[in-house]
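Novice: this one's structure only:
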């Protein structure tokens, strides 16, 4: 099953939220309805980046890489390398 790793931004908090999901539209709706306890304070959330990945394992590895790098740095690297979703980090190893 395909997964998406996404980065959301909350203007009210000035913070990013990174996570994986199978259904990006549903996940964004749940974030903005206050259905996610850890993201409730940041409503409204805006999708600023998403990356499609082949499965859950790869998505979780990518999520960790983005969090380790920092969402802001990841997004900066995308701007520097327009047209790539690399976030300046290596793809996870084949599993």
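Specialist: Perfect, thanks for sending it. Model, not experiment: these values are computed from the prediction.

Novice: pretty sure residue 30 is touching residue 40, no?
Specialist: No: if you go by CB atoms under 8 Å, residue 30 and residue 40 don't touch, sitting 10.4 Å apart. Every residue, glycine included, has its C-beta placed from N, CA and C.

Novice: So which residues of the protein form strands?
Specialist: For the chain, the strands defined by DSSP state E cover 3-10, 15-21, 46-53.

Novice: Summarise which helices and strands the first one is packed against.
Specialist: When contacts are defined as 3 or more CB pairs under 8 Å, 6 or more residues apart in numbering; DSSP states H and E, strand 3-10 packs onto strand 15-21, helix 24-32, strand 46-53, helix 56-69, helix 71-80.

Novice: what do you get for the second one?
Specialist: For strand 15-21, the elements it packs on are strand 3-10, helix 24-32, helix 56-69, helix 71-80, judged by 3+ CB pairs under 8 Å, 6+ apart.

Novice: Please identify the deepest-packed of those.
Specialist: strand 3-10 (a mean of 21; mean count of other CB atoms under 10 Å).

Novice: Residues in contact with it: which ones?
Specialist: For strand 3-10, contacts defined as CB atoms under 8 Å, 6 or more residues apart in numbering pick out 15-22, 24, 27-28, 31, 39, 41-56, 58-59, 62-63, 66, 71, 74-75.

Novice: What strands flank it, and is each parallel or antiparallel?
Specialist: Its sheet considered, strand 3-10 pairs with strand 15-21 (antiparallel), strand 46-53 (antiparallel) by DSSP bridges.
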